[in-house]
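Enquirer: Give me the fold of what follows.
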Amino acid sequence: MKNIIGILLMTLVGCASKWQVVQKINVNMYHLQNPRTKEVKVIISRDELLEGQIINKHRLNVIAEIEK
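Expert: So this is what the prediction gives:
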């Protein structure tokens, strides 16, 4: 029973943290937008991302983050 509750919670949390890569600004600097909330962030990451890609931000190696 605890496993089912854990899976449901992870699913709900995962849905809220999806971001779309809008633009590559510079080397390892990306403009992200949350499609659901329209929140915008600029991040510097060690990961190579593609424009249009949907990602979970908590799985990235984020070096710095700027919220707008």
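Enquirer: can you give me the strands in the protein?
Expert: 18-26, 29-33, 40-45, 54-56, 62-67 (DSSP state E).
Enquirer: Let me see the contact set for residue 39.
Expert: 33, 67 (C-beta atoms under 8 Å, 6 or more residues apart in numbering). Glycine gets a C-beta too; all of them are placed from N, C-alpha and C.
Enquirer: and if you look at residue 52?
Expert: 20-21.
Enquirer: Setting the sequence-adjacent residues aside, check what's closest to the residue nearest to the spatial centre of the chain.
Expert: Closest to where the C-alpha atoms of the chain average out (C-alpha atoms, centre = their mean) is residue 57, at 2.6 Å. Distance criterion C-beta to C-beta, 6 or more residues apart in numbering; nearest residue to residue 57, sequence neighbours excluded, is residue 19 at 5.0 Å.
Enquirer: Just grab the bridge partners of that neighbour for me.
Expert: Listed beta-bridge partners, residue 19: residue 55 (assigned using DSSP bridges).
Enquirer: pretty sure it contacts residue 58?
Expert: No. With contact defined as C-beta atoms under 8 Å, residue 19 does not count as touching residue 58 (9.8 Å).
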